[in-house]
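Colleague: A predicted structure for the sequence below; I have some questions about it.
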Amino acid sequence: MPGPAPKPAALRQRRNKTSTNTTLRTDTRVVMPDLPERPEGWLALTEQWWRDLWSSPMAPEYHSSDVHGLLIVAALRDSFWRDPSKELAGELRLQHREFGLTPLSRRQLQWEIERAEDAQERGKQRRQRQTPAEGGVDPRQALHVVQ
């Protein structure tokens with residue numbers, strides 16, 4: 001007795017593909033929005049974080065509407081550095097996760113930072129380690145093609 005008929009091909013395809021899967025490029029330039037003026041000014045730590053954020057590989061993924069939320073994160077960071085508390089640290093942790101600012105949140109968003117330069121550098125170092133010291137005999141020279 002035969003089993004049920006197979007499903008149509010359109011129904012067998014996976015439907016749970018993520019739309020956020022992307023490789024973040026390290027050479028992309030994004031225009032950094034200015035931090036708004038504040039009566040007490042911004043701490044140097046906050047300004048440095050803002051510059052780092054907009055020069056990071058995640059910056060091209062942010063939409064103009066995300067800037068408002070990132071400004072809130074900047075204000076939270078500034079407040080945290082002025083008067084650290086567990087409550088601010090917890091809120092910062094949550095906000096960082098929302099914007100893909102932690103390794104785990106980038107993993108959940110399936111954002112992978114391009115690592116081509118790192119891979120090339122590691123390969124170069126590995127090849128240099130495998131090359132015999134000057135004056136030594138390279139055992140690979142004993143290999144020859146057998147026909």
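Modeller: That came through, no problem.
Colleague: Please report phi then psi for Asp66.
Modeller: Geometry field for Asp66 lists phi and psi as phi -80, psi -20, criterion degrees, to the nearest 10.
Colleague: I'd guessed it sits against Phe99; true?
Modeller: Yes: contact criterion CB atoms under 8 Å: Asp66 and Phe99 qualify, at 6.9 Å. To be clear about C-beta, it is placed using only N, CA and C from the backbone, and glycine gets the same treatment.
Colleague: Can you give me every residue that contacts the most centrally placed residue in the chain?
Modeller: Nearest to the centroid of the C-alpha atoms of the chain, with distances taken as CA atoms, centre = their mean, sits Ile113, at 4.2 Å. By CB atoms under 8 Å, 6 or more residues apart in numbering, Ile113 lies in contact with 23-24, 26, 57, 106.
Colleague: between Asp66 and Phe99, who's got more neighbours?
Modeller: A direct count of neighbours by other CB atoms under 10 Å for Asp66 and Phe99 places Phe99 higher, at 17 against 13.
Colleague: Below-threshold pLDDT in this protein: ranges please.
Modeller: Judged by pLDDT under 70, the chain has its weakly predicted residues at 1, 13-20, 27, 116-119, 122-123, 126-127, 129-136.
Colleague: That's all I had, so thanks and see you.
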